[in-house]
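K.L.:
How does the following fold in three dimensions:
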Amino acid sequence: MDVLLSHDVLLLQVLDEIGPASFHDVFIRMKVLLSKTAVRERLWVLMGLDQLVTGREEQLVDQDATTGRWGFPDDIATSARGHVPDDRALALQRAEDELVRRALARGCDRDLVGSVFGVTRRNTFHKQYRAAAYAFPLGEFNRGGRPVEPDDDSDDVDETTDPSAAQEPVSDTNEEPEVPDGDLGRVETWGGTADEPGTPVSELLHDDELT
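P.N.:
Next up, the predicted model:
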């Protein structure tokens with residue numbers, strides 16, 4: 001637990017009390033301390049912790065691909081990790097996230113990566129953490145960038161939309177266009193300003209625990 005921030009411990013306590021729970025319900029418990037953007041980012045980090053921390057083999061948090069609810073891995077029926085969303089826009093977003101993560105993992109300059117993908121430096125961090133969380137299988141996409149047609153005996157379950165969580169503006173300033181999130185029935189928004197620095201891994205996790 002020494003690699004976690006104090007807010008992460010509280011977030012895990014919330015999931016222990018009410019999980020699996022919708023993002024809205026989790027945020028309501030955390031909103032006094034964290035913004036929606038921060039809660040979302042911390043959930044991604046906890047879900048992708050095994051990808052971000054050397055020696056960690058398991059994630060602490062998972063998300064259900066069918067309901068969009070967050071909880072501990074043992075409480076999630078169908079993990080969103082490695083899942084290809086039926087929503088094309090969301091699938092393409094996840095694919096782009098994974099490409100950003102791989103570029104950064106190979107040591108590419110973060111500012112250059114942001115320029116290539118047309119996002120701000122701050123948003124490269126969001127993409128990196130989200131990619132670590134969802135581990136999108138690029139191999140299931142063809143060269144044209146479209147999802148591969150599922151087999152007739154596919155185990156994938158269609159994602160549902162929760163009307164009560166349709167729109168969740170993160171802040172008064174959204175620097176990226178909204179992208180529909182088919183898993184959760186909500187919209188991915190970013191918050192912050194274009195020149196606001198992202199939260200580096202070294203601040204999210206202790207330096208001595210990084211790869």
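K.L.:
quick one: least confident helix or strand in the chain?
P.N.:
strand 179-181 (a mean of 37; mean pLDDT, DSSP states H and E).
K.L.:
how about stretch 66-79: buried residues?
P.N.:
When neighbours are counted by 16 or more other CB atoms under 10 Å, the buried residues of stretch 66-79 are found to be 66-72, 76, 79. Placement of C-beta: from N, CA and C, glycine included.
K.L.:
Surely Ala95 touches Phe136?
P.N.:
Yes: Ala95 is in contact with Phe136 according to CB atoms under 8 Å; the separation is 5.9 Å.
K.L.:
Where does the prediction get shaky in this structure?
P.N.:
Per-residue confidence for the chain (pLDDT under 70) gives these ranges: 1-3, 141-211.
K.L.:
The same query, at a cut-off of 90, please.
P.N.:
Counting by pLDDT under 90, the chain has low-confidence residues at 1-6, 52-57, 86, 138-211.
K.L.:
Show me where it has its helices.
P.N.:
Applying DSSP state H to the chain gives helices spanning 6-18, 23-30, 36-47, 49-52, 88-105, 110-117, 121-134, 201-204.
K.L.:
gap between the residue nearest to Ile76 when sequence neighbours are not counted and Ala132?
P.N.:
The shortest distance from Ile76 to any residue that is not its chain neighbour, by CB to CB, 6 or more residues apart in numbering, is 4.3 Å, and that residue is Asp62. Remark: distance between Asp62 and Ala132 (CB to CB, to the nearest Å) = 13 Å.
K.L.:
try Ser79
P.N.:
On the measure of CB to CB, Ser79 and Ala132 end up 14 Å apart.
K.L.:
Kindly report the same for Val26.
P.N.:
If you go by CB to CB, the gap between Val26 and Ala132 works out to 19 Å.
K.L.:
likewise Arg42?
P.N.:
Plainly put, Arg42 is 13 Å away from Ala132 if you go by CB to CB.
K.L.:
joint contacts of these two?
P.N.:
Shared contacts of Arg42 and Ala132, defined by CB atoms under 8 Å, 6 or more residues apart in numbering, are not found at any residue.
K.L.:
Dump the helices of the chain into CSV; add mean neighbour count and distance to Glu140 as well.
P.N.:
Compiled in CSV, those are given as follows (neighbours: other CB atoms under 10 Å; distance: least, CB to CB, whole Å):
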stretch, mean neighbour count, distance to Glu140
helix 6-18, 16, 29
helix 23-30, 18, 25
helix 36-47, 22, 20
helix 49-52, 20, 18
helix 88-105, 19, 9
helix 110-117, 15, 20
helix 121-134, 24, 13
helix 201-204, 16, 27
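K.L.:
What's opposite the nearest residue to Pro20 once chain neighbours are set aside in the beta bridge?
P.N.:
Setting aside the residues directly before and after it, Pro20 is nearest to Gly71 in space (CB to CB, 6+ apart), at 3.3 Å. When assigned by DSSP bridges, Gly71 has beta-bridge partners Asp62.
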